[in-house]
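Asker: sequence and computational prediction follow.
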Amino acid sequence: PPQVGDAPPATTTSYPAHYPSGNNGRPLILPGQATAEEMQQSTQLAEEKLNLEEWKESMPDSMEKEFDDIFCGEEECKQKEALFNSLNKDYLVQQERKESDR
């Protein structure tokens with residue numbers, strides 16, 4: 001039987017560790033708590049440009065048409081914008097009036 005003054009028995013209940021979250025909602029890695037892998041320099045360049053022509057050449061032929069359908073060139077974008085503006089002229093005028101009334 002327990003004696004007076006004895007410490008209560010230790011519990012084995014575990015609670016998940018709480019880590020502070022960053023703006024992206026993912027846990028922050030605090031200084032001194034990062035793993036060796038997390039401390040390594042990034043192999044990805046901070047800013048890297050993709051050459052679409054090279055990338056497009058490396059994709060399968062079956063995907064090339066789909067790619068072309070998704071992205072349009074500058075001239076095609078201008079044509080689509082002009083078509084949109086002509087079809088939606090009344091709406092655009094109405095929106096401009098709302099903006100000017102504010």
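Answerer: That came in fine, so what should we check first? Numbering: from 1, shown residues only.
Asker: count the residues that sit near residue 92.
Answerer: As a burial measure, residue 92 scores 13 neighbours (other Cβ atoms under 10 Å). In short, each C-beta sits where N, CA and C put it, glycine included.
Asker: so who does it touch?
Answerer: Contact analysis of residue 92 by Cβ atoms under 8 Å, 6 or more residues apart in numbering lists residue 85.
Asker: which secondary structure state is assigned to it?
Answerer: helix (DSSP: H, G, I helix; E, B strand; the rest coil).
Asker: which SSE is the spatially most central residue of the chain in?
Answerer: Geometric centre of the chain, nearest residue: residue 24, 8.8 Å, by Cα atoms, centre = their mean. Assigned by DSSP states H and E, residue 24 belongs to no helix or strand.
Asker: how about the one 5 residues further on?
Answerer: Mapping residue 29 onto the secondary structure by DSSP H and E places it in no helix or strand at all.
Asker: that one and residue 43, how far apart?
Answerer: 18 Å (Cβ to Cβ, to the nearest Å).
Asker: of the two, who's got more company?
Answerer: Neighbour count, other Cβ under 10 Å: between residue 29 and residue 43, residue 29 has more, with 14 against 5.
Asker: residues contacting the more buried one?
Answerer: residue 38.
Asker: tell me the pLDDT at it?
Answerer: Note for residue 29: predicted pLDDT of 75.
Asker: for it, what are phi and psi?
Answerer: For residue 29, the backbone dihedrals are phi -100, psi 110 (criterion: degrees, to the nearest 10).
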